[in-house]
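In: I would like the atomic coordinates for the input below:
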Amino acid sequence: MNAQFATTLLPLPAALQSASLPGPRHPARRRPGGGFAIHAKALARFNRLLGRLQHVPLEREQLVAAWRELLDRSSREHCTAGIEQRLQLAVAVERMIRDATWQAANEAIAPARVVVGYIHGKHELIPRQAARAGRLDDAIVVDAAWPQLGGEVDSYLDYCRLRAIEAEWRGCPVGQFTFTRADWQQARHAEASLLAHVRRVGQTSYLPAGTTALFRIR
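Out: Numbers count the residues shown, from 1 in each chain. From the prediction side, this is the model:
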C-alpha cells in the first residue's frame, strides 16, 4: 500500500483536534439539545473502536463542542463538507472490499472492515436525527482509519478509472473482462510513460540537433 495518498481531507470541527477541553466532565447522559446526546457507555465503546484504528480517544466535551461548531453558521459549511466527503469515501471503502477483482493490500482489510461495520452497525454514538451532527461519528471513524486506508483507497479509485477506460476501448461493460490489480499496475505504468513522452515532445523537437532550415508542407 502506498505510504502517501492524494486525497486531501476537508476539515472536520476544530474541537475534534483538541487534546482536551476545559470544563467539568459529566459521565452521565447529557442532552445539549437538537436531539444530540452522548451516553457514557456509547462513548466508551466508540473509543475502543478508535483504539483499534490507532486513534486517540475523544472526550465528551470535544463532541459537544464539535456539535456546536456545526450549528454555528460561520463554520457550518466547511465542516459539513468534510463530513460529506468522508461519507463518500466510506462508500468507496465498501466498494473496495466487496470488489472481488481488486486484491486489497492485507494491511487495509481490517480498518476497512471496521469502517464499514460501524457505518452499517446499530451501535451509533450520535443519533442520526441529531441536528447537523447525525453523521459526525461516521466521519470520525473514516478520519481515524484514513492514515491506514488512504493510499489503498486512492489506488482502488484509480484502478476503477483505468478499468472504465479499458472497458470503453473494448466496447463492453465493466465486469465482462478480466482486469486485475496487476493489469492496473501495467496500465498505470503505460499511461505514465505516455505522459512522460508527451512532455518530452513538447519540450524538444523531432528535427536533428542543429537543424535550422525551414521546410514546407505541400
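In: who touches the spatially most central residue of the chain in this structure?
Out: The chain has L89 as the residue nearest its centroid, 4.0 Å off, counting by CA atoms, centre = their mean. Residues near L89 by CB atoms under 8 Å, 6 or more residues apart in numbering: 7, 142, 146, 153. C-beta here means a position set from N, CA and C on the backbone, and glycine is covered the same way.
In: Tell me which residues are up against stretch 129-139.
Out: 12-13, 34-37, 46, 63, 66-67, 70-71, 76, 80, 82-83, 86-87, 90, 118-119, 124-128.
In: 6 Å instead, please
Out: Residues from elsewhere that reach stretch 129-139 (CB atoms under 6 Å, 6 or more residues apart in numbering): 34-36, 67, 70-71, 83, 86-87, 119, 125-126, 128.
In: what does stretch 141-159 give?
Out: 1-2, 5-7, 50, 53, 55, 86, 89-90, 92, 96, 102, 105, 108, 111, 115, 118, 184.
In: which SS state does A131 fall under?
Out: Recorded secondary structure, A131: coil (DSSP: H, G, I helix; E, B strand; the rest coil).
In: what's the burial count for it?
Out: A131 has 12 neighbours, counted by other CB atoms under 10 Å.
In: Quick check: it vs A90, distance?
Out: Distance, A131 to A90, by CB to CB, to the nearest Å: 21 Å.
In: Run the chain-centre distance for the longest helix seen in the chain.
Out: Scanning the chain for the helix with the most residues, using DSSP state H, yields helix 136-170. With CA atoms, centre = their mean, to the nearest Å as the basis, helix 136-170 stands 7 Å off its chain's centre.
In: Show me what counts as buried in it.
Out: Neighbour counts over helix 136-170 (16 or more other CB atoms under 10 Å) mark 136-146, 148-156, 159-160, 162-163, 166-167 as buried.
In: Generate a ChimeraX selection restricted to the buried subset of the contacts of stretch 129-139.
Out: For the buried members of the contacts of stretch 129-139, the matching ChimeraX selection, counting by 16+ other CB under 10 Å, is:
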select :34,36,67,70,71,83,86,119,125,126
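In: and which of the contacts of stretch 129-139 is nearest to L195?
Out: Nearest to L195 among those is R86, at 30.4 Å by CB to CB.
In: Can you tell me the SS state at that closest one?
Out: Per three-state DSSP, the local secondary structure of R86 is helix.
In: likewise P173?
Out: Assignment for P173 (three-state DSSP): coil.
In: Tell me which stretches of the protein form helices.
Out: Under DSSP H, the chain gives helices at 40-52, 60-71, 73-98, 106-120, 136-170, 181-203.
In: Go through these and name the closest to Q17.
Out: helix 60-71 (8.7 Å).
In: Would you quantify the distance from R60 to L10?
Out: 24 Å.
In: next one: W184
Out: In terms of CB to CB, W184 sits 27 Å off from L10.
In: before we move on, back to that, relative to helix 73-98, how tilted is the longest helix of the chain?
Out: If you take axes from the mean of the first three to the mean of the last three CA atoms, to 10 degrees, helix 136-170 sits at 50 degrees to helix 73-98.
In: Let me know the angle separating helix 136-170 from helix 40-52.
Out: Relative orientation of helix 136-170 versus helix 40-52 (the same axes, to 10 degrees): 40 degrees.
In: between helix 136-170 and helix 106-120, how big is the angle?
Out: Going by the same axes, to 10 degrees, helix 136-170 makes 120 degrees with helix 106-120.
In: Thank you, goodbye.
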